[in-house]
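> I'll drop the sequence and a predicted model, then ask my questions.
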Amino acid sequence: MLRLQKFISDSGLTSRRKAEELITSGRVRVNGLVAELGCKVDEQNDVVEVDGKRITLGEKHIYIMLNKPEGYLSSVTDDRGRKTVVELIGLKERIFPVGRLDYDTEGLLLLTNDGEFTYRVTHPKFEITKTYIATLDKRIMWDRIKVLLDGVEIEDYVGTANALHIINENKNQVMITISQGKNRQVRKMFEKTGYTVKKLQRISIGALRLANLKKGEWRELSKKEAEKIFEKNSI
């Protein structure tokens with residue numbers, strides 16, 4: 001027996017968090033009846049439907065590492081006709097981005113059909129780190145940016161850098177690691193110190209690194225590689 005939200009995420013339809021939202025909004029039925037959050041299902045015998053369409057287990061989990069270029073949306077589709085990261089990969093299997101990278105940000109993006117994996121990578125309680133190289137608009141002064149290690153107020157939260165290093169003074173480049181992952185967080189954090197991020201590249205998620213994968217290219221990860229993401233990041 002599986003909890004319904006885990007069944008839905010294991011089917012590859014969506015993440016566990018989104019599955020919970022589907023259930024609470026009344027869009028999920030088990031054996032014809034509207035389901036409640038937390039109920040358990042027999043994966044072999046119960047009929048689970050989302051928006052009237054039956055979902056099942058048994059799909060092979062796929063894990064993709066993509067070096068996302070700028071100018072692509074981290075989504076499956078876009079109603080405005082903009083390019084999406086899924087178009088770069090072109091698999092027949094349904095996959096979805098694990099979290100997101102902004103339209104104007106490049107670098108490491110994961111895609112999968114494993115909802116539980118997405119949940120573990122994106123939920124704040126697991127504190128999976130993400131490391132970026134930020135190119136700033138002017139000469140970097142350590143006294144100005146080091147406040148990010150203590151945290152700066154951004155809207156309704158405090159944005160904090162887990163680690164911060166100047167890696168190229170001539171190019172105004174900084175390496176920054178965070179574990180929160182709020183919308184445009186890195187850019188907003190540097191804005192608080194008086195800098196504008198001209199270019200942003202994510203180079204790692206957890207212990208998984210982009211390495212030498214070229215921009216726009218992707219490769220499939222093994223299950224063992226996917227699990228590596230939960231190891232302590234050594235950057």
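Great, that's in hand.

> Give me the three-state assignment for Ile64.
At Ile64 the chain is in strand, as set by DSSP: H, G, I helix; E, B strand; the rest coil.

> List the beta-bridge partners for the nearest residue to it once chain neighbours are set aside.
Spatial nearest neighbour of Ile64, excluding adjacent residues (Cβ to Cβ, 6 or more residues apart in numbering): Leu111 at 4.2 Å. The way it works is simple: take the backbone N, C-alpha and C, and place the C-beta from them, glycine included. Beta bridges link Leu111 to Ile64, Pro97, judged by DSSP bridges.

> again with Val30
When bridges are called by DSSP bridges, Val30 pairs up with Leu33, Val48.

> Please, which helix or strand holds the residue most central in space within the chain?
Relative to the mean C-alpha position of the chain, the nearest C-alpha, by Cα atoms, centre = their mean, is the one of Gly99, at 2.2 Å. Taking DSSP states H and E as the definition, one finds Gly99 inside no helix or strand.

> Parallel or antiparallel, which strands does the longest strand anywhere in the chain pair with?
Longest strand of the chain, by residue count under DSSP state E: strand 197-205. According to DSSP bridges, strand 197-205 forms sheet pairs with strand 106-112 (parallel), strand 130-136 (antiparallel), strand 208-209 (antiparallel).

> can you put these in JSON lines and add mean pLDDT and mean neighbour count?
Putting the strands paired with strand 197-205 into JSON lines (pLDDT from 0 to 100; neighbours: other Cβ atoms under 10 Å) gives the following:
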{"stretch": "strand 106-112", "mean pLDDT": "96", "mean neighbour count": "23"}
{"stretch": "strand 130-136", "mean pLDDT": "97", "mean neighbour count": "21"}
{"stretch": "strand 208-209", "mean pLDDT": "94", "mean neighbour count": "20"}
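
> These: which one's closest to Lys198?
strand 130-136 (5.0 Å; Cβ to Cβ).

> Just after that closest one, pick out the following helix or strand.
Downstream of strand 130-136, the next assigned helix or strand under DSSP H and E is helix 142-145.

> What strands line up against the next helix or strand after that following helix, and which way round?
Beyond helix 142-145 on the C-terminal side, the first helix or strand identified by DSSP H and E is strand 152-154. Next to strand 152-154 in the sheet, as set by DSSP bridges, lie strand 157-159 (antiparallel).

> Show me what the very next helix or strand once past the strand it pairs with is packed up against.
Per DSSP H and E, the first helix or strand lying C-terminal to strand 157-159 is strand 163-168. Applying 3 or more Cβ pairs under 8 Å, 6 or more residues apart in numbering; DSSP states H and E, we find strand 163-168 packed against strand 173-178.

> Mind listing the strands the strand it packs on pairs with, and their directions?
Within its sheet, strand 173-178 is paired with strand 130-136 (antiparallel), strand 163-168 (antiparallel), according to DSSP bridges.

> any idea of the mean pLDDT for that strand?
Looking at strand 173-178 alone, the average pLDDT works out to 98.

> Check the offset of it from the chain's centre.
17 Å (Cα atoms, centre = their mean, to the nearest Å).

> one step back: quick one, which of the strands paired with strand 197-205 is nearest to Thr193?
Closest to Thr193 of the strands paired with strand 197-205 is strand 130-136 (Cβ to Cβ; 9.2 Å).
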